[in-house]
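# Can you look at this prediction? I've put the sequence above it.
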Amino acid sequence: MKNKTLIILLIVAGVILLVWKKVKAVVGLEYALGLPGKFKIQNGAQGKELHFRLPVDVKNQRNTKLIYQGADIMVTSADNKPLGRIWDTNQIEIEPLNTTTVYLPVILSGQNTVNLLVLAAAAIASGWTKEQRSVVFNFSGDIKGEGFTIPITASVLIDPLGNFY
């Protein structure tokens, strides 16, 4: 009976140690949003949709491999009008002591997106200053991995002329 109890305690201790290592690795992650790319316009359920990929550099500072399992993130404008969503279910390994780039698929749709695109086009055409033509995208939602859900909030300032021409 003592052997069974000892084996069970060792198994429980091993599971706790494994989970603890993963938690420490997840807490130690650093991320940086890159500039979007691979733009395309498609017809969608709400009219025209702007599709692009948003690179996120994830730096794993621990000696523990992690598995990214997806994201559910809302995209809003600077005044918090809804623009679109990031919905990703790809699984990607985040290597230990390394930086991995995860490309999130972004879909912007609806009237707010059309208004934003018209404003950006007008800014480019009229020669506005960098501050006048820059567009802010706010991101808020969750990233999933290793059985954990991590809340994320970030903003990206994009200058259509400076970033794409």
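Everything's here; your move.
# and the longest helix for this protein?
Longest helix of the chain, by residue count under DSSP state H: helix 2-27.
# elements contacting that helix?
Contact here means 3 or more C-beta pairs under 8 Å, 6 or more residues apart in numbering; DSSP states H and E; on that basis helix 2-27 packs against strand 66-76, strand 148-158. All C-beta spots, glycine's among them, are computed from the backbone N, C-alpha and C.
# same thing but at 10 Å, please
With contacts taken as 3 or more C-beta pairs under 10 Å, 6 or more residues apart in numbering; DSSP states H and E, helix 2-27 sits against strand 66-76, strand 135-145, strand 148-158.
# Need the ones you listed in TSV (columns: mean pLDDT and distance to Asn43).
Compiled in TSV, the helices and strands packed on helix 2-27 are given as follows (pLDDT from 0 to 100; distance: least, C-beta to C-beta, whole Å):
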stretch	mean pLDDT	distance to Asn43
strand 66-76	86	19
strand 135-145	83	22
strand 148-158	79	24
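# Same list, the ones you listed, but as TSV with mean neighbour count and distance to Lys40 please.
Below are these laid out as TSV (neighbours: other C-beta atoms under 10 Å; distance: least, C-beta to C-beta, whole Å):
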stretch	mean neighbour count	distance to Lys40
strand 66-76	18	16
strand 135-145	18	17
strand 148-158	13	17
